[in-house]
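>>> need coordinates for the below:
(one chain, ligands or ions: 3)
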Amino acid sequence: MENVLEIDHPVVKRYLSVLRDKNTETAAFRRAMGNIGTILAYHALDHLPLKEYDVDTPIKTTTGFKPAAEVFVIPILRAGLSLVDGIISFMPDAKVGHIGVYRDEETHEPVNYYHNFPGGLEDAYTLVVDPMLATGGSGSHALKFLKENGANNIRFVTLICAPEGINRILEDHPDVPIITAAIDENLNDNAFIVPGLGDAGDRYFGTL
Ligand SMILES: O=P(O)(O)OC[C@H]1O[C@H](OP(=O)(O)OP(=O)(O)O)[C@H](O)[C@@H]1O
Ligand SMILES: O=c1cc[nH]c(=O)[nH]1
Ligand SMILES: [Mg+2]
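Ligands and ions are numbered 1, 2, ... in the order given. All right, here's what the predicted structure looks like:
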């Protein structure tokens, strides 16, 4: 699918299996999220623009590279926080902003309750992060809000997607590539991803 990268890697498949397993305890769930966050970041940053500069090795001067844009990581609270440690361990000087969106449990519509973004969204290379892309309502809403605040170079980083959520983002935000570890079957009557992993925020924070 154009604009969608579904990572196909044996180690990712293993971490995903740990995350999906309802018997996985909080500590192991957190570890797997952290490790997979790093792999997602590796792929999400594979088009990060670079600029050249001179590096003096002990032997001679050679060409070095540094990002031509600042990297911003914007988790959608709460569950988006679960991937942040893994992402910033790969990109330690990324700036982290926050957007709070929860999905109303009855209507499934997104509700925005908080935001705090670093200055300079216009020029940043921005990763919007949420492990679950279900109906796509929360993700689409967060992307619209970020664009209204100036962001214009955005990637959506997610662990597990439903086809419904992918279609929603592709339709509402055709300029935003999606990086994911899995595209699952569909949504159930409660708009949960099938087979999914259940409620990512509750499992990561131990609030089940
Ligand atoms: O694609 P959607 O249908 O909008 O569903 C996905 C959203 O649901 C979950 O958040 P939730 O509302 O459970 O909030 P939480 O992160 O605080 O647990 C998840 O982390 C996404 O943000
Ligand atoms: O499957 C789902 C859908 C929305 N939010 C989750 O945490 N899991
Ligand atoms: Mg939740």
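>>> near ligand 1, which residues of the protein are found?
Where proximity means CB under 6 Å from any ligand atom, the interface of the chain facing ligand 1 comprises 76-79, 101-103, 108, 110, 130, 132-139, 165, 191, 199-201. In this view, the C-beta of every residue, glycine as well, is placed from N, C-alpha and C.
>>> nearest to ligand 3: which residue in the chain?
Closest to ligand 3 within the chain is G201: 3.4 Å, counting by CB to the ion.
>>> which SS class is A182?
strand (DSSP: H, G, I helix; E, B strand; the rest coil).
>>> hang on, isn't it packed against C161?
Yes - counting by CB atoms under 8 Å, A182 does reach C161; the two are 7.1 Å apart.
>>> rewinding a little: helix or strand: which one has the residue of the chain closest to ligand 3?
G201 is part of helix 200-205 when elements are defined by DSSP states H and E.
>>> same check, this time on I99
I99 is part of strand 98-103, with elements assigned from DSSP H and E.
>>> what about the longest helix in the protein?
As far as residue count goes, and with DSSP state H defining each element, the longest helix of the chain is helix 26-44.
>>> could you pull out the helices in the chain for me?
Along the chain, the segments classed as helices by DSSP H run 10-20, 26-44, 84-90, 137-148, 163-172, 200-205.
>>> so which of these comes closest to ligand 2?
Among the helices of the chain, the nearest to ligand 2 by CB to the nearest ligand atom is helix 200-205 (3.9 Å).
>>> show me what contacts A94?
Applying CB atoms under 8 Å, 6 or more residues apart in numbering, one finds that A94 lies in contact with 70-73, 87-88, 127.
>>> now, which of the residues you listed lie within strands?
Among these, DSSP state E puts 71-73, 127 in strands.
>>> do the helix or strand of the chain with the lowest mean pLDDT and ligand 3 meet at all?
Counting by mean pLDDT, DSSP states H and E, the chain has its least confident helix or strand at strand 98-103, which shows a mean of 91. No - counting by CB under 5 Å from the ion, ligand 3 is not contacted by strand 98-103; separation bottoms out at 7.1 Å.
>>> tilt between that strand and helix 137-148?
Between strand 98-103 and helix 137-148, the angle comes out at 150 degrees (axes from the mean of the first three to the mean of the last three CA atoms, to 10 degrees).
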